[in-house]
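> Provide a 3D model corresponding to the input given below.
(one chain, ligands or ions: 1)
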Amino acid sequence: MSTSTAPWWRDAVIYQVYVRSFADGNGDGVGDIAGIRSRLPYLKSLGVDAIWINPWYESPMADHGYDVADFRQIDPLFGTVAEAEQLIEEAHRHGIRVIPDIVPNHTSDRHAWFQTALAAGPGSPERERYVFRTGRGTDGAEPPNDWVSCFGGPAWTRLPDGEWYLHLFAPEQPDLNWRHPDVRAEFESILRFWFSRGVDGFRIDVAHGLIKHPELPDLPPRPEAAPDGPRQHLDHPHWDRDEVHDVYRAWRRVADEFPGDRSFVAEAWADTPERLAAYVRRDGLHTAFNFDFLMSSWDAKDLRAVIDDSLAMLGAVGAPATWVLSNHDVMRHPSRYGRRVVRRWVANEPYRPEGAVDLALGTRRARAAALLMLALPGGAYIYQGEELGLPEVEDLPESVLQDPVWERSGHTDRGRDGCRVPIPWSGRSAPYGFSPDGTTAEPWLPQPADWAEHSVAAHDGVEGSMLELYRAALRLRRGLPALGDGGLAWLDTPAGVLAFRREPEFVCVVNLSAEPYRLPGHASVLLASGPLDDGVLAPDRAAWLAT
Ligand code: NOJ
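Predicted coordinates for the structure are as follows:
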């Protein structure tokens, strides 16, 4: 971390806790707040600055908590508000900040507002808090427009009274109408509810989706797919519309009412870095996930372009960059990088790579990517289990799949369960310490039979393990004034090699080429992602140098 007095969020390393899969404290096979509390010493020893916790609110769990029935209650599966308060307090005592998820685009269909709207009937003011419309065609039997749900199928569901309601995700997740003053006031009140309980910020779900075109027009024609061509912003009727920034200007004012640098991170899938930067202007949100980095191919030119564009566009509005390799929605990166061809992918499109996976290759690259990510200027996100090198579980039996994507896609897309398998902590067999000893309930998703080698216990204290690589990198990052917030300067390197200097006296080198690369002159090697052969960096390896 830099030694300046810049706010913490400019270069924080934030660990993502997918609560149902992190640690099960009460033995029901599902992770919970008690589990997180018991693992705070682990997070402390890893060296992260904050945790982002996926939704923990009361929910029927149609989308594992992203369908919120009551934003001021914790779901009993995870604990209570009192336990959440204890967790916040204990995390703070460990020097770890806490950032819950907030889900403003939609509620659960069990939310009191939606239930009231259903009961109140067509044309009622209660329905104006959501997006209800009459259909098209004979008797309004066709949906009001051609929008599609991100989980597959139409984005509209018809009610027995004839009206349709909009859901950009599952039918159990009706979209709110952000042009309605009640909606704006309610969310500001929810933010205050949790800020006053001590949370340090929020991750904003689908931050780019809140404002819909007032006329709800059909989708524009799709441009020719050109994944490797220049990216363009498309005027879209429900993604990334300019008016959404008014909402966040108001949220910023709410955050600023509280002491201690509270901050927001936006989940905003933007077409271009300029569009992403608009979310983090000085009077708006603080940071946004930089998915361009995650979506990049494993290619030096592509990565360098993403890094340069991100730093330039975010720097122009005074915001720090963030870097992220994995999360609970995407294939874990050792499995992505273990494909022969790692192509760049397009925002708001599912990524399902083809071909056999070479996990040894993917893991080598993941180790190098970790050193790259943690050396770049700005903040970084670590998705639980990435510090253990967990791969995607690509062979979950169909009978256990739970992600709504599986059903909604008509069983054509297996969805995101493969990156959500519960964390292995210790032991030789499932549940690998995920649940307390003696628990009979099975983990909510089955863990592979060969995951003992990935457990925390198997990595702990083992030189060269993925966990020890992350710990060493985070320790260095805390101590080295060159790392964290700031700038970088590229060094001249052959094609396929990335090398940049950060002042004072630090160089990061990543070899993405097929040839070994002799490291530039240095005083010492601070850390390397694999063995160095007499100052030579093998392909798919990275090193941090003191100069
Ligand atoms: C993005 C979240 O990350 C994802 O898990 C969820 O399904 C959708 N938003 C809908 O809330």
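
> show me the chain divided up by domain.
Under automatic domain parsing, the residue ranges defining each domain of the chain are 8-105+179-466, 112-166, 487-546.

> pick the most buried one from those.
The highest mean neighbour count among these belongs to domain 8-105+179-466 (a mean of 19), with neighbours defined as mean count of other CB atoms under 10 Å. Every residue, glycine included, has its C-beta placed from N, CA and C.

> name the SS class of residue 221, please.
Here residue 221 is coil, with the state taken from DSSP: H, G, I helix; E, B strand; the rest coil.

> one more: residue 470?
helix.

> from residue 46, how far out is the closest residue to it other than its chain neighbours?
Nearest non-adjacent residue to residue 470, counting by CB to CB, 6 or more residues apart in numbering: residue 387, 4.1 Å away. Distance check for residue 387 against residue 46: by CB to CB, to the nearest Å, it reads 6 Å.

> again, but for residue 193
Distance of residue 193 to residue 46, computed by CB to CB: 30 Å.

> returning to that earlier point: quick one, what contacts the residue nearest to residue 470?
46, 466, 467, 470, 471 (CB atoms under 8 Å, 6 or more residues apart in numbering).

> what does it show for phi and psi?
With angles defined as degrees, to the nearest 10, residue 387 sits at phi -70, psi -10.

> about what we covered before: which of the domains of the chain sits closest to the ligand?
Of all the domains of the chain, the one in closest proximity to the ligand, counting by CB to the nearest ligand atom, is domain 8-105+179-466 (3.4 Å).

> so, in contact with the ligand or not, that closest one?
Yes: part of domain 8-105+179-466 sits close enough to the ligand to count as contact by CB under 6 Å from any ligand atom, namely 63, 66, 103, 205, 206, 267, 328, 329.

> these two touch, right, residue 471 and residue 43?
No: when contacts are counted by CB atoms under 8 Å, residue 471 is not listed as touching residue 43 (11.3 Å).

> about what we covered before: need the max-distance pair from the contacts of residue 387.
46 and 466 (11.4 Å; CB to CB).

> the stretch 51-200 of the chain: strands as residue ranges?
Assigned by DSSP state E, counting those that start in this stretch, the stretch 51-200 of the chain shows strands spanning 57-58, 70-74, 97-102, 132-133, 156-158, 164-166.

> would you turn the ones you listed into JSON lines with mean pLDDT and distance to residue 401?
Supplementary listing: the strands of the stretch 51-200 of the chain in JSON lines, determined by pLDDT from 0 to 100; distance: least, CB to CB, whole Å:
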{"stretch": "strand 57-58", "mean pLDDT": "98", "distance to residue 401": "24"}
{"stretch": "strand 70-74", "mean pLDDT": "98", "distance to residue 401": "26"}
{"stretch": "strand 97-102", "mean pLDDT": "98", "distance to residue 401": "23"}
{"stretch": "strand 132-133", "mean pLDDT": "98", "distance to residue 401": "31"}
{"stretch": "strand 156-158", "mean pLDDT": "98", "distance to residue 401": "22"}
{"stretch": "strand 164-166", "mean pLDDT": "98", "distance to residue 401": "26"}
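
> from residue 530, how far off is residue 386?
If you measure residue 386 against residue 530 using CB to CB, the figure is 17 Å.

> and for residue 45?
As judged by CB to CB, residue 45 and residue 530 stand 23 Å apart.

> same check on residue 415?
Distance from residue 415 to residue 530, counting by CB to CB: 33 Å.

> got any ranges where the stretch 101-250 of the chain has weak pLDDT?
Using pLDDT under 70 as the threshold, the predicted model of the stretch 101-250 of the chain has low-confidence ranges 223-230.

> let's see 80
Applying pLDDT under 80 to the stretch 101-250 of the chain flags residues 222-231.

> could you do the chain as well?
Confidence mapping of the chain against pLDDT under 80 gives the ranges 1-5, 222-231, 340-354.

> now do 70
Across the chain, the ranges flagged by pLDDT under 70 are 1-4, 223-230, 341-351.

> how about the residue nearest the centre of it: what's its closest non-neighbour residue?
Averaging the C-alpha coordinates of the chain gives a centre point, and the residue nearest to it by CA atoms, centre = their mean is residue 327 (4.3 Å). Once its chain neighbours are removed from consideration, residue 327 has its nearest residue in residue 383; the separation is 5.1 Å (CB to CB, 6+ apart).

> which SS class is the residue nearest to residue 386 when sequence neighbours are not counted?
Take residue 386 and drop its neighbours on the chain: the residue closest to it by CB to CB, 6+ apart is residue 326, 5.3 Å away. With three-state DSSP as the basis, the three-state label of residue 326 is coil.

> how close does residue 326 sit to residue 205?
17 Å.

> go on, residue 275?
Taken as CB to CB, the span from residue 275 to residue 205 is 18 Å.

> just residue 14 next, same as before
Counting by CB to CB, the gap between residue 14 and residue 205 amounts to 15 Å.

> strands of the stretch 201-350 of the chain, start to end?
According to DSSP E, counting those that start in this stretch, the stretch 201-350 of the chain carries its strands in the segments 201-204, 263-266, 287-288, 322-324.

> which residues in the stretch 201-350 of the chain form helices?
Counting by DSSP state H, counting those that start in this stretch, the stretch 201-350 of the chain has these helices, from start to end: 244-256, 273-277, 291-295, 300-316, 333-337.

> tabulate those helices (a markdown table), appending distance to residue 458.
Compiled in a markdown table, these are given as follows (distance: least, CB to CB, whole Å):
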| stretch | distance to residue 458 |
| --- | --- |
| helix 244-256 | 41 |
| helix 273-277 | 38 |
| helix 291-295 | 27 |
| helix 300-316 | 30 |
| helix 333-337 | 16 |
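
> may I see the domains of the chain organised as TSV, with distance to residue 476 added?
Supplementary listing: these in TSV, determined by distance: least, CB to CB, whole Å:
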stretch	distance to residue 476
domain 8-105+179-466	8
domain 112-166	39
domain 487-546	6
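
> to residue 478, which of those domains lies closest?
Smallest distance to residue 478 across those (CB to CB): 6.5 Å, for domain 8-105+179-466.

> off-centre distance for that closest one?
Per CA atoms, centre = their mean, to the nearest Å, the displacement of domain 8-105+179-466 from the mean C-alpha position of its chain is 2 Å.

> so what's residue 488 closest to, chain neighbours aside?
Take residue 488 and drop its neighbours on the chain: the residue closest to it by CB to CB, 6+ apart is residue 500, 4.4 Å away.

> re the thing from before, the residue nearest to residue 327 contacts residue 328, doesn't it?
Yes: applying CB under 8 Å as the test, residue 383 and residue 328 come out as touching, 6.9 Å apart.

> so what sits against both of these two?
Common contact partners of residue 383 and residue 328 (CB under 8 Å, 6+ apart): 16, 18, 419.

> ok, the last one touching residue 331?
I take that to be residue 419. Yes: applying CB under 8 Å as the test, residue 419 and residue 331 come out as touching, 6.3 Å apart.

> common neighbours of the two, please.
Both residue 419 and residue 331 are in contact with residue 392, where contact means CB under 8 Å, 6+ apart.

> quick revisit: relative to residue 414, how far out is the residue nearest to residue 470?
For residue 387, the distance to residue 414 equals 25 Å [CB to CB].

> strands along the stretch 351-500 of the chain, start to end?
Counting by DSSP E, counting those that start in this stretch, the stretch 351-500 of the chain forms strands over residues 379-383, 489-490, 497-502, given from the N-terminal end onward.
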